[in-house]
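**Q** Build me a model:
(chains A and B)
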Amino acid sequence: MIGLLPAFVVIPLIAAFILPLFGKKGKDAATILANAVILLLLVLAVVAVYSGKQGIYEIGDWSIPLGINLVLDGLSALMLLAIATVATAAMLFSARYMEQYTAKAKYLSLFLLMVAGMNGVVLSGDIFNLFVFLEIASLASYALVGFGCGHEELEASFKYMVLGSVGSIFILFSVGLVYGHTGTLNMAYISQTIQNNGGLNAGLTFALALFIVGFGLKAALVPFHAWLPDAHPSAPAPISAMLSGILIKTLGVYALSRVVFNIFGVSQATGWLIIVLGLISMIIGAFLAIGQEDLKRLMAYSSISQIGYVVLGIGLGAALIQKGEDKLASLAILGGLFHLVNHAVYKSLLFLNSGSIEMATGTRRLEQMGGLAAKLPYTRATCAVASASIVGIPPFSGFWSKLILIIAAILAGYYWIAAIIVFVSLCTLIMYLKVHRYVFLGQLPEKLQNARENKGTMLFAMAFLACLCILMGLLVIIPGLKEAVLDPAVKVLTGGFEYSRFVIGPGG
Amino acid sequence: MKGMTVIVKTISSWVKVLIILFGIYIILFGHLTPGGGFAGGVILASSYVMLMLAFGREFVQKDLPLSLDSKLDCLGAVAFAMIAVLGYVFGKSFFDNFLSQFGRHLRLISSGTIPLSNIAIGLKVGASLFLVIFILSTFRRDSSDDKQE
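**A** Next up, the predicted model:
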């Protein structure tokens, strides 16, 4: 398995550059090739998680810290699986949905480039390499947001590009500062140097602050969220699913937690900073979402609110590790990571639903829809499953992750955090009741009498994700699955500096 | 009137050859002298940019159509990735320099896969940089409404 690690980056990268050669005539062949590549990645990711193998891969046979290494550990494997799952569904959905647009081969090429970038971010063991992959994924996503080439799309894409570049600059400066203070770019060696120096000096603390701002911008946490509500609705529906489902988590939450837990080491202050960012995102995202009149914009704000849950769990874990309560910390981090995976599945399903609705009705305005339950029965059913999951109704997946978060907060004695989690869940319920009320119930407008369900791959993609929404709860209920899938990821974060010992090895 | 004066056109059609040759030199000797794939690729692209300035956009289009340019761009990227994959097939790991035993030090044929990678990068950078400049120049002309594609 370890020998195949570069395949996660190389296969989509090569396919991305072969696809534009197909041109207009080979559109179907290009679609099949792109789907096959993503399916292959899904198989590889399942093998990576299932085999439970961990290890490092030295590129070009140069040993670290001279060369660049790829690291597969529990957290990377979990993220790879999440990326591949969402990408599979989005790619299947695109096969039919993207027929509305021109230049499909270019779209597929950018899509694969984005996947290659995200896989690279998750696997890279070198902080500058992580930045490069992050830029690959970001640049592909800037182009994809503006893919419709309409006025609104280009404006959103430009705004996203400016703010995304600001975030990247923060990260780049921070990488420079870290290099200046530790003399290495390998994440494990940076961590080792920090341990040997007995903590952070002023420069490294500043670098950590820059990292939190940069990755916070990529994750769209609340003070830095301004680009997301424009960018995510403007993109084509499968791309919205990718962006909200997995991109903000890979570039934002994954990178942030890797840097905070494994490189710099947790402290009470960073833990609470992350908790506060998470709580603000949850509350403000939910409040802003309720007022929206545009279906995809509502879902985009809801993404901000949900990413708050993930970050809250991780921040709570950081604060608890520092207090020495390792068991509670693992519970909080388990809640956060499980919510991350759950949110990837149901939010991408919701965005695919919105794409299906938009394709059938030609509008995203909530007040122009209504009574579509009879016309779009499958979309409605899958949307109901996804909404139940995001709100947290048992036995759907979202319930379990929120339950774990609440239990962790209560056991740690933070009753007010548990209360806020429940309160934001209620706000989420209001949002999605509103979606169902306006879209599926009520009077069917005259114009939409001819709305028809989209069959074929779009339906299959939605059904696939809906099944996952129902079954994901099993990940924590069945004991063996939890140990195999989620626990290794949690251990990576609670282990903290273990990461550097794992990468460098006992002799280092 | 298309392009610039006769003097500019004549000179630039002579200089074009020199610039392209210089670009190729920079790419091929990238592992021995300063420069390499990226710098040489930029020089290659600049020769076509000069032609575009002197003769106008249509002339360059005939010489190097956009579709061919974009194919070269993809080809360069695929070639670079393939060199890396060949390292995996014939050597120990991905990006392994599996040809390093050939040639003598400080000669043109040396350093294994590095010159090959330089050629691939030169192709990629030259084609894509020219593509970027060409597309930007198109946008300036019909900025009013026309969308690309």
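
**Q** now the strands for the chain?
**A** Just so you know, I chose chain A. Ranges of strands within chain A are A:55-58, A:69-72, based on DSSP state E.

**Q** export those strands to CSV and tack on mean neighbour count and mean pLDDT?
**A** For glycine as for every other residue, the C-beta is placed from the backbone atoms N, C-alpha and C. Converted to CSV, the strands of chain A look like this (neighbours: other C-beta atoms under 10 Å in any protein chain shown; pLDDT from 0 to 100):
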stretch, mean neighbour count, mean pLDDT
strand A:55-58, 18, 89
strand A:69-72, 24, 92
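
**Q** For chain B, see how far away residue A:31 is.
**A** When C-beta to the nearest C-beta, to the nearest Å is the yardstick, residue A:31 and chain B sit 17 Å from each other.

**Q** That residue - nearest residue in space that isn't next to it in sequence?
**A** Once flanking residues are discounted, residue A:31 sits nearest to residue A:95: 5.1 Å by C-beta to C-beta, 6 or more residues apart in numbering or on different chains.

**Q** Show the pLDDT at the one you found.
**A** Looking at residue A:95, its pLDDT reads 89.

**Q** That one: neighbour count?
**A** Counted with other C-beta atoms under 10 Å in any protein chain shown, residues neighbouring residue A:95 total 21.

**Q** Over to residue A:222?
**A** 22.

**Q** correct me, but it touches residue A:305?
**A** No - if you go by C-beta atoms under 8 Å, residue A:222 and residue A:305 don't touch, sitting 9.3 Å apart.

**Q** what touches both of these two?
**A** Common contacts of residue A:222 and residue A:305 (C-beta atoms under 8 Å, 6 or more residues apart in numbering or on different chains): A:281, A:284-285.

**Q** tell me, what residue is most central in chain B?
**A** Among the residues of chain B, residue B:126 comes closest to the average C-alpha position under C-alpha atoms, centre = their mean, at 2.3 Å.

**Q** Scan the helices and strands of chain B for the one with the lowest mean pLDDT.
**A** One helix or strand of chain B scores below all others by mean pLDDT, DSSP states H and E: helix B:57-63, with a mean of 85.

**Q** ok, the following helix or strand past it near chain A or not?
**A** Going down the chain from helix B:57-63, the next helix or strand is helix B:66-90, by DSSP states H and E. Yes - with C-beta under 8 Å from any C-beta of the partner chain as the criterion, chain A is reached by helix B:66-90 at B:67, B:70-71, B:74-75, B:77-78, B:81-82, B:84-85, B:87-88.

**Q** Export those as TSV, with columns for neighbour count.
**A** TSV is the format used below for the residues of helix B:66-90 next to chain A (neighbours: other C-beta atoms under 10 Å in any protein chain shown):
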residue	neighbour count
B:67	10
B:70	17
B:71	15
B:74	20
B:75	17
B:77	22
B:78	20
B:81	20
B:82	15
B:84	21
B:85	18
B:87	23
B:88	18
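
**Q** now the residues you listed in a markdown table, with pLDDT?
**A** Formatted as a markdown table, the residues of helix B:66-90 next to chain A follow (pLDDT from 0 to 100):
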| residue | pLDDT |
| --- | --- |
| B:67 | 86 |
| B:70 | 88 |
| B:71 | 90 |
| B:74 | 91 |
| B:75 | 93 |
| B:77 | 93 |
| B:78 | 93 |
| B:81 | 92 |
| B:82 | 91 |
| B:84 | 90 |
| B:85 | 90 |
| B:87 | 88 |
| B:88 | 87 |
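
**Q** Let me see the ranges of the helices in chain B.
**A** Along chain B, the segments classed as helices by DSSP state H run B:6-28, B:37-55, B:57-63, B:66-90, B:113-141.

**Q** Output the contacting helices and strands for the second one.
**A** By that I understand helix B:37-55. Helix B:37-55 sits against helix B:6-28, helix B:57-63, helix B:113-141, with contacts defined as 3 or more C-beta pairs under 8 Å, 6 or more residues apart in numbering or on different chains; DSSP states H and E.

**Q** re earlier: next, the contact list for the residue nearest to residue A:31, please.
**A** A:31, A:35, A:456-457.

**Q** How about residue 16, nearest residue that isn't a chain neighbour?
**A** Going with chain A. residue A:112 (3.9 Å).

**Q** Can you look at chain B instead?
**A** That would be residue B:47: by C-beta to C-beta, 6+ apart, it lies 5.3 Å from residue B:16.

**Q** Quick check: nearest residue in space to the residue nearest to the spatial centre of chain A, chain neighbours excluded?
**A** In chain A, the centroid-proximal residue (C-alpha atoms, centre = their mean) is residue A:246; its distance is 2.5 Å. Closest residue to residue A:246 apart from its sequence neighbours, by C-beta to C-beta, 6+ apart: residue A:86 at 4.6 Å.

**Q** Which pLDDT value belongs to that neighbour?
**A** Per-residue confidence (pLDDT) for residue A:86: 95.

**Q** quick one, what contacts it?
**A** Taking C-beta under 8 Å, 6+ apart as the criterion, residue A:86 is in contact with A:241-242, A:245-246, A:344-345, A:348.

**Q** for residue B:26, same thing?
**A** By C-beta under 8 Å, 6+ apart, the contact set of residue B:26 is B:33, B:35-36, B:39-40, B:43.

**Q** most surrounded residue in those residues?
**A** Highest neighbour count within the contacts of residue B:26, by other C-beta under 10 Å: residue B:40, with 26 neighbours.

**Q** looking at it, it is touching residue B:31, isn't it?
**A** No - counting by C-beta under 8 Å, residue B:40 sits too far from residue B:31 to count as a contact (11.7 Å).

**Q** Mutual contacts of the two, please.
**A** In contact with both residue B:40 and residue B:31: residue B:118, using C-beta under 8 Å, 6+ apart.

**Q** picking up where we left off before, okay, the contacts of residue A:86 in a markdown table with distance to residue A:228 next?
**A** Below are those laid out as a markdown table (distance: C-beta to C-beta, whole Å):
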| residue | distance to residue A:228 |
| --- | --- |
| A:241 | 14 |
| A:242 | 13 |
| A:245 | 13 |
| A:246 | 14 |
| A:344 | 16 |
| A:345 | 19 |
| A:348 | 15 |
